[in-house]
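Engineer: sequence unknown, structure follows:
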């Protein structure tokens, strides 16, 4: 075990590594941390919800590789549905962003516990999501101008799925 005197050697460590080191020295120092969302099986959802998710899933083609859907539950019991794409594209056609909105609204109508529908691309700048709070009508992203979207992107593991985009977390 390290002594407090030896902590001076920790000052140049990256913040996360320093936090982990401090937690090992003083157990319970992370007790205020919130639990990360946990992945759950889509089979635990109601049949009509599952059907809405599968029937509104992004189009996979030779050019677009899609991973998902993944369903996660946050500490409040609220859910997210997410897909990942290596290209950042999800729907073919003349209005791919309109397709994101349509899919999220259809899923939200049948899945009352889903608060976020997420489409994650190869970079942080390509990640987009829609939320129940605004009726799944606005596409949110890291640089949207909403402080809550910044918080959701950078602190995804601690910001609830039912977050307020106008609030900083």
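Structural biologist: Nice, I can see it. Small disclaimer: the values here were computed from a predicted structure and weren't measured.

Engineer: buried sites along stretch 97-108?
Structural biologist: 99, 100, 101, 103, 104, 105, 106, 107, 108 (16 or more other CB atoms under 10 Å). Heads up, the C-betas are built off the backbone N, CA and C, glycines and all.

Engineer: make that stretch 130-146, sorry
Structural biologist: Per 16+ other CB under 10 Å, stretch 130-146 contains these buried residues: 130, 131, 132, 133, 136, 138, 139, 140, 141, 142, 144, 146.

Engineer: and the furthest pair within those residues?
Structural biologist: 132 and 142 (19.5 Å; CB to CB).

Engineer: hey, which helix or strand in the protein has the poorest pLDDT?
Structural biologist: Averaged element by element with mean pLDDT, DSSP states H and E, the chain has its least confident helix or strand at helix 15-25 (a mean of 39).

Engineer: now do the helices in this protein.
Structural biologist: 15-25, 47-55, 96-110, 147-154 (DSSP state H).

Engineer: can you give me the strands for this structure?
Structural biologist: 38-40, 66-73, 79-85, 114-120, 128-131, 140-141 (DSSP state E).

Engineer: need those in TSV (columns: mean pLDDT and distance to residue 48).
Structural biologist: Below are those laid out as TSV (pLDDT from 0 to 100; distance: least, CB to CB, whole Å):
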stretch	mean pLDDT	distance to residue 48
strand 38-40	97	17
strand 66-73	96	15
strand 79-85	96	14
strand 114-120	97	12
strand 128-131	97	19
strand 140-141	96	26
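
Engineer: switch those strands over to TSV; also include distance to residue 46.
Structural biologist: Compiled in TSV, the strands of the chain are given as follows (distance: least, CB to CB, whole Å):
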stretch	distance to residue 46
strand 38-40	13
strand 66-73	12
strand 79-85	11
strand 114-120	11
strand 128-131	20
strand 140-141	26
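
Engineer: that older thread, tell me the one of the buried residues of stretch 130-146 nearest residue 116?
Structural biologist: residue 131 (5.5 Å).

Engineer: so what's that closest one up against?
Structural biologist: Taking CB atoms under 8 Å, 6 or more residues apart in numbering, we find residue 131 in contact with 115, 116, 138, 140, 161, 162, 163, 165.

Engineer: what bridges to the residue nearest to the third one when sequence neighbours are not counted?
Structural biologist: I take that to be residue 138. Nearest non-adjacent residue to residue 138, counting by CB to CB, 6 or more residues apart in numbering: residue 130, 7.0 Å away. Beta-bridge pairing of residue 130, defined through DSSP bridges, involves residue 117.
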